[in-house]
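> what follows is a predicted structure for the sequence shown.
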Amino acid sequence: MESIIKNIIDRYKRIRSMRQLKQVYGGNYAFVGIGDHSINNLYPVLNYLHVPLKYICCKSKDKIPLIEAAYPNVCATISLADILHDDDIKGVFVSASPQSHFAIASEVIKSGKALFIEKPPCQSEDELLQLISMRKEANFPQVTVGLQKRNAPVIRILKKKLQKCRGNMSYNLKYLTGAYPEGDALLDLFIHPLDYVTFLFGKAEVKFAEWVKHHTLMLVLKHEKATGILELSTGYSWHDAKESMTVNTSNGIFEMNQMDSLIYKDKQTMFMGVPLEKVYPLKMVEVHLFDRNDFVPTIHNNQIVTQGYFDTIKGFVDAVEKRKTSSEQSLEAIIDTYKLIESIRSIQNKK
């Protein structure tokens, strides 16, 4: 019996290994940018998926020999034009400075090549609409925006659960980090929670917005069937950064913590408006819809997956290779996100 079980286990491991080795893509790709974020979060996914990189583009000539030493099969260059004129390149990944994204994205889209553009893809709603227009003129090449939290498992699960909930709901969201002197916190950081509440609850109207000491943004947002209170801040600490959300529905409460866990709690029974839990003890029922396992070091428990990077990049390459398509992270899909950001900016400017 033991030998039978061992053979089954060995066969399962062999099949799993073979499946991973067969994960091969046919096209060649280029990457624009080789900063800390790209090296830690994006390049590892490309390596795991065996996505063939032909070029890495950077700004400094001094980096070229270093890049080619670190990536022996890659051609390092400072010329985006060389990449766009190479017919072998099917898609281009762009993760450079946020201020440069619009200009680079414009050139890639006009070339007709597929584009993966890190957030933010541009600086304003007007620039976003320009990119959409360029894509139409270029015969609709694949464009994926790297707002990866839409692909985080907790967000995917929560969206499916909320679609089954009836009536109005409310939520409370906290996104708390340390200081961010190097850029625009609203567009570079807060775009993440603003995007996924738009993804979860739909178009949002700003009912209240106020900055506290230029580092904390307090918001009240009204969606069609939800109202949210948000605290978005760079006034805390990077060593203890927090991202959490509680959603109160008619049936129960969802609690999300750090993209690592999602818990559902049933609401207690009431009799004639009286909560029975105040009369006698009732057992609280909790359902763990998702928990990242910190003990088992597999790909599915890696934060690259739980934060959504893995599925976002894989979805882009699959779409380029005509394996699977999705429009949930297209330029058109984030119009409401940019409208929300513009509304917050307009209120801020009036004050």
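Yep, that arrived.
> quick one: the helices in the protein, in order.
Here the chain has its helices, by DSSP state H, at 2-21, 36-37, 43-49, 64-70, 80-84, 101-111, 125-137, 153-163, 185-188, 191-201, 303-306, 309-320, 335-350.
> Ile347 against Trp211, yeah?
No: the criterion here is C-beta atoms under 8 Å, and Ile347 misses it with Trp211 at 9.5 Å. To be clear about C-beta, it is placed using only N, CA and C from the backbone, and glycine gets the same treatment.
> can you tell me which of the helices of the chain is nearest to Ser233?
Across the helices of the chain, Ser233 has its closest neighbour in helix 185-188 (8.7 Å, C-beta to C-beta).
> which secondary structure elements does the closest one contact?
Secondary-structure packing of helix 185-188 (3 or more C-beta pairs under 8 Å, 6 or more residues apart in numbering; DSSP states H and E): helix 335-350.
> send me the helix it packs on as PDB with only the CA atoms.
The C-alpha coordinates for helix 335-350 follow below in PDB (Å, rounded to 0.1, in the frame of the first residue of the first chain):
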ATOM      1  CA  ILE A 335     -11.700  55.500 -17.000                       C
ATOM      2  CA  ASP A 336     -13.800  55.600 -13.900                       C
ATOM      3  CA  THR A 337     -10.700  55.400 -11.700                       C
ATOM      4  CA  TYR A 338      -9.200  58.400 -13.400                       C
ATOM      5  CA  LYS A 339     -12.500  60.300 -13.200                       C
ATOM      6  CA  LEU A 340     -12.500  59.700  -9.500                       C
ATOM      7  CA  ILE A 341      -8.900  61.000  -9.200                       C
ATOM      8  CA  GLU A 342      -9.800  64.100 -11.300                       C
ATOM      9  CA  SER A 343     -12.800  64.700  -8.900                       C
ATOM     10  CA  ILE A 344     -10.500  64.600  -5.900                       C
ATOM     11  CA  ARG A 345      -8.000  66.900  -7.500                       C
ATOM     12  CA  SER A 346     -10.700  69.400  -8.400                       C
ATOM     13  CA  ILE A 347     -11.900  69.500  -4.800                       C
ATOM     14  CA  GLN A 348      -8.300  69.900  -3.600                       C
ATOM     15  CA  ASN A 349      -7.700  72.700  -6.100                       C
ATOM     16  CA  LYS A 350     -10.800  74.600  -4.900                       C
END
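> for the most centrally placed residue in the chain, which non-adjacent residue is spatially closest?
Nearest residue to the geometric centre of the chain (C-alpha atoms, centre = their mean): Gln148, 1.4 Å. Once flanking residues are discounted, Gln148 sits nearest to Gly308: 3.7 Å by C-beta to C-beta, 6 or more residues apart in numbering.
> list the contacts for the one you found?
With contact taken as C-beta atoms under 8 Å, 6 or more residues apart in numbering, Gly308 is in contact with Gln148, Lys149, Arg150, Asn151, Ala152, Pro153, Ile155, Met259.
> could you redo the last one with a cut-off of 10 Å?
The contact partners of Gly308, by C-beta atoms under 10 Å, 6 or more residues apart in numbering, come to 146-156, 192, 196, 259, 315, 329.
> what is the lowest-pLDDT residue among those?
When the contacts of Gly308 are compared by pLDDT, Gln329 scores lowest at 89.
> that one is in contact with Lys314, isn't it?
No: the pair Gln329 / Lys314 is not scored as a contact, 11.9 Å apart, by C-beta atoms under 10 Å.
> these two: who's more crowded?
Gln329 (26 against 20; other C-beta atoms under 10 Å).
> so how far is Ile56 from the more buried one?
23 Å (C-beta to C-beta, to the nearest Å).
> returning to that earlier point: give me the common contacts of Ile347 and Trp211.
What both Ile347 and Trp211 touch, as defined by C-beta under 10 Å, 6+ apart, is an empty set.
> tell me which of the helices of the chain lies nearest to His239.
helix 303-306 (16.2 Å).
> which strands and helices lie in contact with that closest one?
Other elements packing on helix 303-306 under the criterion 3 or more C-beta pairs under 10 Å, 6 or more residues apart in numbering; DSSP states H and E are helix 43-49, helix 153-163, helix 309-320.
> tell me the most buried of those?
Compared across the helices and strands packed on helix 303-306, helix 309-320 shows the largest average neighbour count, a mean of 22 (mean count of other C-beta atoms under 10 Å).
> mind saving the C-alpha coords of it as CSV?
The C-alpha coordinates for helix 309-320 follow below in CSV (Å, rounded to 0.1, in the frame of the first residue of the first chain):
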residue,chain,number,x,y,z
TYR,A,309,1.5,40.7,-10.1
PHE,A,310,1.7,37.1,-11.3
ASP,A,311,-1.8,36.8,-12.8
THR,A,312,-1.6,40.3,-14.2
ILE,A,313,1.6,39.6,-16.1
LYS,A,314,0.5,36.1,-17.1
GLY,A,315,-2.9,37.5,-18.3
PHE,A,316,-1.1,40.0,-20.6
VAL,A,317,1.3,37.5,-22.1
ASP,A,318,-1.5,35.0,-22.6
ALA,A,319,-3.5,37.7,-24.4
VAL,A,320,-0.6,38.6,-26.7
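> how far away from the center of its chain is that helix?
12 Å (C-alpha atoms, centre = their mean, to the nearest Å).
> same question, stretch 104-122
17 Å.
> surely Gln99 touches Glu127?
No: at 11.2 Å, Gln99 and Glu127 do not qualify as touching, with contact defined as C-beta under 10 Å.
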